[in-house]
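Quick one, structure for this:
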Amino acid sequence: MKLIARAEQWPLAEVFTISRGSRTETELVTVELSDGELVGHGECMANPRYNETQEGVLATLNDLDLASGLDQDCLQELLPAGAARNALDCALWDLEAKRSGMRVWEMAGLQPPGSVITAFTLSLDTPERMGALAKQHADRPLLKLKVTGEGDFERVAAVREGAPNARLIVDANEGWNADIVEPLSDQLRTLGVEMIEQPLPAEKDAVLADLVHPVPLCADESCHNSADLAQLKGRYEIVNIKLDKTGGLTEALKVKREAYNLGFRVMVGCMVATSLAMAPAHLVAQGAAYVDIDGPLLLARDRRFGLSYEGSRVEPPDTTLWG
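Model prediction:
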């Protein structure tokens, strides 16, 4: 097999801000995996939160020796969970689908995928600006708000006023402290917030088991792969599956199965990336309680043959893109 990994920069439609900082572009790595006749494609985004860099992902992929071939099982041993394995795993699924003449969902033993409703993310900002943006997107059924702690009630109240009929979920990206989880959760419940994503830093989230939270909590930075699930029981009710954390579609499907077995509800999320990264996540998103694969909606432009977004409804990928 021949592997080609490339660095890409994609401009965002607007400045994107979370509790950890702001950016105006997203740095991606794409993979082409060829058997000499057919080519499979994958995409990932290195996440600095996990000490990943675009250069590091490229180096990891370019240092691989695939002369003896590759399959999903050996890939799970070859690379750790993370962005590099994600791009390669998804490229391998795409290549094998082309070899077999089957769709990836058939190969994985899944039901034919249907459309899903994605959340639309509102970047962290002042209450006034978030409220105004919510008003622009008030017709979207599900809005996800980036929050940070101080001033969050005012932010969510402004969004609720701007989009009175939208369902709301919030994502603190580890920006809260333990003292505010109980009171702020109760306040956000009065505004109709359905879910709070990763309120505390992952290394400090054990305390959540002892905190009352009338709004269900979702593990994001605390949940990477199936090995993490057992310790999250009692702390969270929902887990967010992102392929850049799980290291690809193979492990993402395993996380989903085991999460259901342990009684978790499932959210399927994404990094800010193109439709090539969203396509395999779309398969995992089938039947999920919450879907957040709006990455292409945050970009100035998407990849050719990208997913079809009709408002917040996302159709399954065509074979010209992936799978």
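
what residues are up against the residue lying closest to S312 once chain neighbours are set aside?
Nearest residue to S312, sequence neighbours excluded (CB to CB, 6 or more residues apart in numbering): R140, at 4.8 Å. For the C-beta atoms, the positions are set from N, CA and C on the backbone; glycine is no exception. R140 makes contact with 120, 163, 166, 311-312, according to CB atoms under 8 Å, 6 or more residues apart in numbering.

what's the offset of the lowest-mean-pLDDT helix or strand in the chain from the middle of its chain?
Using mean pLDDT, DSSP states H and E, helix 72-78 stands out as the lowest-scoring helix or strand of the chain, at a mean of 92. The chain centre lies 22 Å from the centre of helix 72-78; the measure is CA atoms, centre = their mean, to the nearest Å.

now, which of the contacts of R140 lie within strands?
Within the contacts of R140, residues falling in strands by DSSP state E are F120.

Which of the contacts of R140 are buried, as a ChimeraX select command?
Buried residues within the contacts of R140, by 16 or more other CB atoms under 10 Å, are selected in ChimeraX with:
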select :120,163,166,312
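
Please produce JSON lines containing the contacts of R140, extended by pLDDT and distance to I18.
Shown next, in JSON lines, are the contacts of R140 (pLDDT from 0 to 100; distance: CB to CB, whole Å):
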{"residue": "F120", "pLDDT": "98", "distance to I18": "15"}
{"residue": "A163", "pLDDT": "98", "distance to I18": "20"}
{"residue": "A166", "pLDDT": "98", "distance to I18": "20"}
{"residue": "G311", "pLDDT": "96", "distance to I18": "24"}
{"residue": "S312", "pLDDT": "98", "distance to I18": "20"}
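
tell me which of the contacts of R140 is nearest to E8?
F120 (23.5 Å; CB to CB).

Which residue comes closest to the closest one once chain neighbours are left out?
R140 (4.8 Å).

Model confidence for G69, exactly?
pLDDT recorded at G69 is 84.

can you tell me which residues contact the residue nearest to it when sequence neighbours are not counted?
Among residues not flanking G69 along the chain, M1 sits closest, at 6.3 Å (CB to CB, 6+ apart). By CB under 8 Å, 6+ apart, the contact set of M1 is 33-35, 66-67, 69-70.

before we move on, what about A166?
A166 sits in contact with 134, 137-138, 140-143, where contact means CB under 8 Å, 6+ apart.

If we use 10 Å, what do you get?
For A166, the contact set (CB atoms under 10 Å, 6 or more residues apart in numbering) comprises 119-120, 134, 137-143, 159-160, 192, 312.

coming back round to it: would you mind measuring from the residue nearest to G69 to K254?
The gap separating M1 from K254 is 24 Å, by CB to CB, to the nearest Å.
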